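Visitor: here are the coordinates; sequence isn't available:
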């Protein structure tokens with residue numbers, strides 16, 4: 001993790017202002033969703049990405065293993081085990097892989 005050298009103090013309500021330069025670099029605008037979580041003694045602040053992790057589509061999203069995936073990519077993921085199973089079967093039986 002890279003240090004920015006910026007130190008901020010929380011206000012009376014415990015709020016923390018993310019510096020403008022950092023918000024600009026990460027494309028964080030007013031009312032943007034931010035995720036906050038803890039790992040050990042570290043507080044991590046992340047910009048929430050409301051897009052498919054594979055193709056950046058922002059519609060028809062559903063959670064898949066903790067990530068957002070669009071319906072098209074989700075269908076491809078569901079087909080993958082069948083494809084892998086066929087490849088393993090074909091290779092195990094010395095059947096040439098079709099390209």
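Guide: Yes, it's here. The structure displayed is predicted, hence computed values, not measured ones. Numbering: from 1, shown residues only.

Visitor: Quote the end-to-end distance of stretch 33-48.
Guide: The distance separating the two terminal residues of stretch 33-48, taken as CA to CA, to the nearest Å, comes to 6 Å.

Visitor: do the same with stretch 62-80
Guide: Using CA to CA, one end of stretch 62-80 lies 18 Å from the other.

Visitor: wait, isn't residue 47 in contact with residue 26?
Guide: Yes - look at residue 47 against residue 26 with CB atoms under 8 Å: they come within range, at 5.2 Å. C-beta: built from backbone N, CA, C; applies to glycine.

Visitor: Which stretches in the chain count as helices?
Guide: Counting by DSSP state H, one finds helices in the chain at the ranges 20-26, 71-92.

Visitor: so where's the chain uncertain?
Guide: Counting by pLDDT under 70, the chain has low-confidence residues at 1, 81-99.

Visitor: Residue ranges of each domain in it, please.
Guide: According to automatic domain parsing, the chain is divided into the following domains: 1-48, 49-99.

Visitor: how near is residue 37 to residue 48?
Guide: Distance check for residue 37 against residue 48: by CB to CB, to the nearest Å, it reads 11 Å.

Visitor: ugh, wrong one, I meant residue 73
Guide: Distance from residue 73 to residue 48, counting by CB to CB: 19 Å.

Visitor: likewise residue 77?
Guide: Per CB to CB, residue 77 is found 22 Å from residue 48.

Visitor: one step back: mean neighbour count, the domains of the chain: which tops it?
Guide: domain 49-99 (a mean of 12; mean count of other CB atoms under 10 Å).

Visitor: Isn't residue 70 up against residue 59?
Guide: Yes - with contacts defined as CB under 8 Å, residue 70 counts as touching residue 59 at a distance of 7.0 Å.

Visitor: residue contacts, residue 37?
Guide: Residues in contact with residue 37 (CB atoms under 8 Å, 6 or more residues apart in numbering) are 43, 44, 46.

Visitor: So which of those residues are in strands?
Guide: Filtering the contacts of residue 37 for membership in strands, criterion DSSP state E, returns 43, 44, 46.
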